[in-house]
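Trainee: sequence? don't have it. structure:
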Ligand SMILES: Nc1ncnc2c1ncn2[C@@H]1O[C@H](COP(=O)(O)OP(=O)(O)OP(=O)(O)O)[C@@H](O)[C@H]1O
Ligand SMILES: [Mg+2]
């Protein structure tokens, strides 16, 4: 089967990242200037893809990539660092292994050691301390970038942010450090409300939706390189998905798969949209019903009017004070964003599902 030019699951390869040149250049500059940097943005906006691309651009620098997605305990965090270090290869791999031996750590063996009998189980906090030390020593011998993805999860685990600060605060001149996370309020809290130096010195950089020009370039190129025309599809995608990277790609893929070689993608828009609606409707239903009543009212009001205080809100029985507090919690969680003065549901497919499901 012909491979789709629009992958929409998981991070992209560095060479596939488009429309992010300015952001990538900006991040590369900050890292080169030894600024601790945090990349903030909603889910599925392409944060991990951008981080991979940044690492690929920094050809003189070795990268250690740690993913803290949904970590819930110190043991979890230590295992993620252990596995990230165990995955290093080449010169970086020999350095990390050499320094690990010096602190009696056997990289890659922690998960198994932690599931052993209680008596012989290592203390995860001590192990983490040792692993962070390995990173600092490695960075002192060779230019190293530490990428910490999904950093907002550490807010749940007592002691991790502090341990990382203690380990890195005097070394960020050697060690490039970039954090990313999708829970905007948690990220801001982690980086701004700490009186201590280090996190407070970080530059916070937002990842925006893809521009209309980027969507056009991505869509036109994807269709052209596979012998099809995109027609007006890019415009339809921008109207529907407003630059949401993953949804844009998913819809582009669906339209592409309904377009014969030589055909035009915009003819496939109704079929592509119907397919994505079909595939996502159960998930949207679950997501929506997982919210409390006041949040559901806010989502409905925003989906239709972009506001929580107008006529729609009134029709839905949404009072002023619950409207404000649920709006804020949905914004904190990264489900709503403020765009040009009006509120928007981050996921355009959820917004569409709500409008279809609850026509007013
Ligand atoms: N620059 C881009 N150009 C086109 N599509 C993109 C781009 N960045 C991301 N995407 C699309 O979004 C999807 C998710 O990207 P990625 O995993 O990097 O996002 P993320 O913000 O890290 O998501 P998550 O919140 O799941 O960690 C990709 O599979 C791709 O379809
Ligand atoms: Mg990611």
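Mentor: Cool, got the structure. Keep in mind that this is a model prediction, so the values were computed, not measured. Numbers count the residues shown, from 1 in each chain. Ligands and ions are numbered 1, 2, ... in the order given.
Trainee: from what I can see residue 174 touches residue 141, true?
Mentor: No: the criterion here is CB atoms under 8 Å, and residue 174 misses it with residue 141 at 9.0 Å. (Each C-beta comes from the backbone N, C-alpha and C, glycine too.)
Trainee: okay, these two: which has more neighbours?
Mentor: More crowded of residue 174 and residue 141, by other CB atoms under 10 Å: residue 174, with 17 against 13.
Trainee: With adjacent residues omitted, what lies nearest to that one?
Mentor: Leaving out its chain neighbours, the residue that sits closest to residue 174 by CB to CB, 6 or more residues apart in numbering is residue 139, at 4.4 Å.
Trainee: Then residue 187?
Mentor: residue 181 (4.3 Å).
Trainee: And for residue 152?
Mentor: residue 181 (3.5 Å).
Trainee: for that neighbour, what are its contacts?
Mentor: Neighbouring residues of residue 181 by CB atoms under 8 Å, 6 or more residues apart in numbering: 38-40, 47, 149-153, 187, 190.
Trainee: How about residue 266?
Mentor: Contacts here follow CB under 8 Å, 6+ apart; on that basis residue 266 touches 230-233, 236, 255.
Trainee: Of the residues you listed, which belong to helices?
Mentor: Judged by DSSP state H, the contacts of residue 266 include 233, 236, 255 as members of helices.
Trainee: Scan those and report the most crowded one.
Mentor: residue 255 (31 neighbours).
Trainee: mind checking how far that one is from residue 273?
Mentor: Residue 255 sits 8 Å away from residue 273, going by CB to CB, to the nearest Å.
Trainee: Which residues of this protein lie near ligand 1?
Mentor: The chain has residues 7-12, 17-20, 43-49, 182, 218, 245-246, 249 near ligand 1, with proximity defined as CB under 6 Å from any ligand atom.
Trainee: Just give me the residue right at the centre of this protein.
Mentor: residue 47 (4.2 Å; CA atoms, centre = their mean).
Trainee: Surely that one and residue 149 touch.
Mentor: Yes: contact criterion CB under 8 Å: residue 47 and residue 149 qualify, at 7.3 Å.
Trainee: Common neighbours of the two, please.
Mentor: Here residue 47 and residue 149 have 180-181 as joint contacts, going by CB under 8 Å, 6+ apart.
Trainee: Now for the residue in the stretch 51-200 of the chain that ligand 1 sits nearest to, how many residues are close by?
Mentor: Per CB to the nearest ligand atom, residue 182 is where the stretch 51-200 of the chain lies closest to ligand 1, at 4.7 Å. Counted with other CB under 10 Å, residues neighbouring residue 182 total 25.
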